[in-house]
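> Could you work out the structure for the sequence below:
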Amino acid sequence: MGKQPGGRGVRLVLTPMAQADFVDIAKYVAEATASGQRGLAFAAKLRAQCEKLAELPGSIGRPRPELGTGLRSLPFGDWLIVFRYGDEVVEIARVLGGRRDVTALFADHPND
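Residues are numbered from 1 along each chain as shown. The predicted structure follows:
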């Protein structure tokens, strides 16, 4: 699937929680490295990885039915991208630190 005929691609959508995760991650990396530029650069790399999910829809990531309907996950360094494929869309549900209890977070804040 990926890019469709006529130049239309699968659209990448970030949930409000995923958008907040990106901001938090950029701040965390900026503080950890004492460099705002490194925080923004890492967030850009993470976003690029999310865009790759839209290039190969349905073929990347591990199914995570315990988190919610249609959810999948893909590690990116110490982070975990949680997403779902839809019709012509890849929805990024959350981007979380890989050491967090992801199952508990989704039980507290379901994304169905």
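> helix/strand/coil for the closest residue to residue 61 other than its chain neighbours?
Closest residue in space to residue 61, ignoring its immediate chain neighbours: residue 72 at 3.6 Å, by CB to CB, 6 or more residues apart in numbering. (Glycine included, C-beta is placed from N, CA and C.) Recorded secondary structure, residue 72: strand (DSSP: H, G, I helix; E, B strand; the rest coil).
> If residue 72 is in a bridge, with which residues?
residue 63, residue 83 (DSSP bridges).
> Let me know how buried it is, in neighbour terms.
Using other CB atoms under 10 Å, residue 72 has 20 neighbouring residues.
> contacts for stretch 40-50?
For stretch 40-50, contacts defined as CB atoms under 8 Å, 6 or more residues apart in numbering pick out 12, 14, 22, 25-26, 29-30, 74, 76, 79, 81, 83, 90, 92, 95.
> hang on, isn't residue 97 packed against residue 77?
No. Counting by CB atoms under 8 Å, residue 97 stays clear of residue 77, with 10.1 Å between them.
> ok, the two, which is more surrounded?
Counted by other CB under 10 Å, residue 97 and residue 77 do not tie: residue 97 has more neighbours, with 13 against 10.
> mind listing what the more buried one touches?
With CB under 8 Å, 6+ apart, residue 97 has these contacts: 78, 79, 80.
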